[in-house]
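Sequence and computational prediction follow.
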Amino acid sequence: MKDVIVVGAGFAGAVFAREMAEIGKKVLLLEKRSHIGGNMFEEESPAGVRVHKYGPHIFHTNSERVFNYLKRFGEWYKYEHRVLGRIDGKLVPIPFNFKSIDLLFSEREAVELKTVLSKNYAENKRVSLFELMEHEDEKVRVLGRFVLEKVFLNYTAKQWGVSIDKIDRSTINRVPVVAGYDDRYFQDSIQMMPKDGFTKIFERVLDHANIETRLNTNAKAVLRLDLENEKVWFEGRVFTGPVFFSGAIDEFLDYEFGKLPYRSLNLVFEDVEQEWFQPASVVNYPNEEDFTRITEFKHFHTQ
Ligand SMILES: Cc1cc2nc3c(=O)[nH]c(=O)nc-3n(C[C@H](O)[C@H](O)[C@H](O)COP(=O)(O)OP(=O)(O)OC[C@H]3O[C@@H](n4cnc5c(N)ncnc54)[C@H](O)[C@@H]3O)c2cc1C
């Protein structure tokens, strides 16, 4: 019998399994998919390009400690994520910044907007949309409304299937306008990609004599919670050690206590026979199209 059962071989489960293994615990890791890595799993497409199967992932953190931990499991290279959005037929940087203003407004309007933003905010400060829309200067309020309508509204409706009035103010506040030319998507001090890909990182995290990984194993088939008697059953026997569960807990409990508002994305993959398809790894389509974005994975990697 093992000491610890971990469900899910994504980042949470894999790191927890490793931590337990390193303090001498025997770990059984159950994963229902046919691979490790959770949502960060990637594999090569038929054309030889490494593709993130569940959507694009970039590693970013302000924590040296987290990055030092991950460095034990592979080499990383610097990658600063930049996103473009197609607004009024033009590709402009997202988050909206001075370059986006230059591209979408007349020269005179752009100078006025940049001057008033520079007067009010420190260089490259990320200012929330609500702050802009409530600003005392009318030009700034108009800019805030413009970004809300052109960048946020339709994208959010498409991505999350909800209208603006159903979205929490704090969520809208997370969409900033940058008071400067910093066009990076993230501002974290550490922004990296793994040289050999995320899947290899996971393989190394789980490569420990105390970890047994069972793929294609749904915990629902082998683990049972007896909540009334506070017992966990594993393959017909009571299991007294800790169980770490990193999947969707509502699904595991057969929605007995309700459904959590998880959302999912519909991803469509295509190989295109040309050197480059688009000028950035991610291009957002907030408005006219019925999809939200196109990712060209080649931009992420040094392959
Ligand atoms: C499109 C997209 C883009 C993202 N971009 C980024 C990004 O750029 N940077 C970033 O840091 N984060 C990003 N994230 C978030 C990131 O994916 C998650 O933070 C991370 O994958 C969470 O890891 P996890 O281990 O908690 O969950 P997961 O990766 O979901 O792993 C959970 C695992 O548990 C397994 N599982 C579930 N139920 C069971 C069961 N009953 N039995 C057995 N196994 C089970 C699942 O198959 C899965 O492998 C993104 C997410 C998405 C969807």
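Arrived safely, thanks for sending.

Which parts of the helix or strand harbouring K139 count as buried, going by neighbours?
Assigned by DSSP states H and E, K139 falls within helix 138-147. Within helix 138-147, the residues that qualify as buried are 140, 143-144, 146-147, counting by 16 or more other CB atoms under 10 Å. Bear in mind the C-beta positions are built from the backbone N, C-alpha and C, glycine included.

Repeat that for stretch 13-31.
Applying a neighbour-count criterion of 16+ other CB under 10 Å, one finds 13-18, 20-21, 25, 27-31 buried in stretch 13-31.

Same check on stretch 164-183?
Across stretch 164-183, burial judged by 16+ other CB under 10 Å covers 172, 175-180, 182-183.

Could you list the contact residues of the stretch 151-300 of the chain toward the ligand?
For the stretch 151-300 of the chain, the residues in contact with the ligand under the definition CB under 6 Å from any ligand atom are 218-220, 246-248, 252, 265.

Columns pLDDT on top of these, output as a markdown table?
Rendered in a markdown table, the data for these read as follows (pLDDT from 0 to 100):
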| residue | pLDDT |
| --- | --- |
| N218 | 98 |
| A219 | 97 |
| K220 | 96 |
| S246 | 98 |
| G247 | 96 |
| A248 | 96 |
| F252 | 95 |
| L265 | 86 |
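
Sort out for me which of these are in helices.
By the criterion of DSSP state H, membership of those in helices covers 219-220, 252.

which of these has the most neighbours?
In terms of neighbours by other CB atoms under 10 Å, those top out with A219 at 20 neighbours.

follow-up on the earlier one: widest-spaced pair of the buried residues of stretch 13-31?
Taking CB to CB, the two most distant members of the buried residues of stretch 13-31 are K25 and E31; they sit 18.1 Å apart.

Which strand residues bridge V6?
Taking DSSP bridges, one obtains L29, F244 as the residues bridged to V6.

what's the helix or strand where V51 lies in contact with?
With secondary structure defined by DSSP H and E, V51 is part of strand 50-52. The contact list for strand 50-52 (CB atoms under 8 Å, 6 or more residues apart in numbering) reads 40-45, 197-198, 269, 295, 297, 300-301, 303.

Take those residues and write them to JSON lines, including pLDDT, neighbour count and secondary structure.
What follows is the contacts of strand 50-52, written out as JSON lines (pLDDT from 0 to 100; neighbours: other CB atoms under 10 Å; DSSP: H, G, I helix; E, B strand; the rest coil):
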{"residue": "M40", "pLDDT": "97", "neighbour count": "21", "secondary structure": "helix"}
{"residue": "F41", "pLDDT": "97", "neighbour count": "21", "secondary structure": "coil"}
{"residue": "E42", "pLDDT": "95", "neighbour count": "23", "secondary structure": "strand"}
{"residue": "E43", "pLDDT": "93", "neighbour count": "12", "secondary structure": "strand"}
{"residue": "E44", "pLDDT": "92", "neighbour count": "12", "secondary structure": "strand"}
{"residue": "S45", "pLDDT": "90", "neighbour count": "14", "secondary structure": "coil"}
{"residue": "G197", "pLDDT": "94", "neighbour count": "23", "secondary structure": "coil"}
{"residue": "F198", "pLDDT": "96", "neighbour count": "22", "secondary structure": "helix"}
{"residue": "F269", "pLDDT": "94", "neighbour count": "10", "secondary structure": "coil"}
{"residue": "T295", "pLDDT": "97", "neighbour count": "20", "secondary structure": "strand"}
{"residue": "F297", "pLDDT": "95", "neighbour count": "17", "secondary structure": "helix"}
{"residue": "F300", "pLDDT": "94", "neighbour count": "22", "secondary structure": "helix"}
{"residue": "H301", "pLDDT": "87", "neighbour count": "18", "secondary structure": "coil"}
{"residue": "Q303", "pLDDT": "75", "neighbour count": "10", "secondary structure": "coil"}
